[in-house]
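*Asks:* let's see this in three dimensions:
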Amino acid sequence: LLQQLGEKTGRQLLQQARGLDERALRNAPRQQVGADVTWGLRFSEEQQVSAFLACLCAEVFARLRGAGARRVTLKLKQKRPGHESAKFLGSGGALERSKSVALRGGLASLAQLQDAVFALARELRVPAQEVRGVGIHCSDLTPAVSAGAAQPPRAQGSLSAFLAAAANASARASAAAVVG
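*Replies:* Below you'll find the predicted structure:
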């Protein structure tokens with residue numbers, strides 16, 4: 001190795017092959033924060049999509065941990081006509097649709113994030129029955145608020161907790177529709 005690649009490169013590759021790397025780690029600041037769900041999504045009504053988007057917004061806002069963002073992107077996977085996924089409840093072969101919006105003054109609240117995402121979803125015009133995946137991403141991040149300020153609750157981090165919250169929101173939305 002040393003003869004083929006030279007002294008410096010040969011030693012570096014040999015050390016790395018042994019699992020040794022003396023280079024310093026760099027902690028680069030985050031450039032975006034988001035969440036994607038691309039498996040198991042089947043909706044029959046627009047209300048279900050709205051409830052799911054609201055829960056996913058809450059997850060993304062919690063992941064921001066007080067930081068702001070100047071751009072929000074919504075990504076939707078739309079079922080391709082006449083195509084079914086090879087995997088059970090998968091999103092395979094779906095059309096990728098995305099739209100983003102720049103926020104004047106930056107992102108300051110969960111309600112502002114939800115409003116932006118709902119507006120983007122209306123612009124994309126994907127029928128509820130054809131949604132196969134959803135992603136929400138905040139980019140152009142601004143620094144977190146001061147340490148003394150209130151921060152959003154930390155995400156639970158489990159898919160089952162997220163889906164349970166989505167089911168609860170859907171049930172509340174359905175109950176409100178029946179009452180209203």
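*Asks:* what comes up buried for stretch 120-137?
*Replies:* L120, A121, V126, V131, R132, G133, V134, G135, I136, H137 (16 or more other CB atoms under 10 Å). For every residue, glycine as well, the C-beta is placed using N, CA and C.
*Asks:* check stretch 23-36 too.
*Replies:* In stretch 23-36, counting by 16+ other CB under 10 Å, buried: V33, G34, A35.
*Asks:* name the helices or strands packed onto whichever strand or helix holds R11?
*Replies:* Here R11 sits within helix 7-17, counting by DSSP states H and E. Contact partners of helix 7-17 among helices and strands, from 3 or more CB pairs under 8 Å, 6 or more residues apart in numbering; DSSP states H and E: helix 2-5.
*Asks:* mean confidence score for the helix it packs on?
*Replies:* Averaged across helix 2-5, pLDDT comes to 80.
*Asks:* give me the distance from that helix to the chain's centre.
*Replies:* Distance of helix 2-5 from the chain centroid (CA atoms, centre = their mean, to the nearest Å) equals 45 Å.
*Asks:* from the chain's centre, how far out is stretch 89-104? Work that out for me.
*Replies:* 10 Å.
*Asks:* distance across it, terminal residue to terminal residue?
*Replies:* End-to-end distance for stretch 89-104: 38 Å, by CA to CA, to the nearest Å.
*Asks:* which parts of it are buried?
*Replies:* G90, S91, A94, R97, K99, L103.
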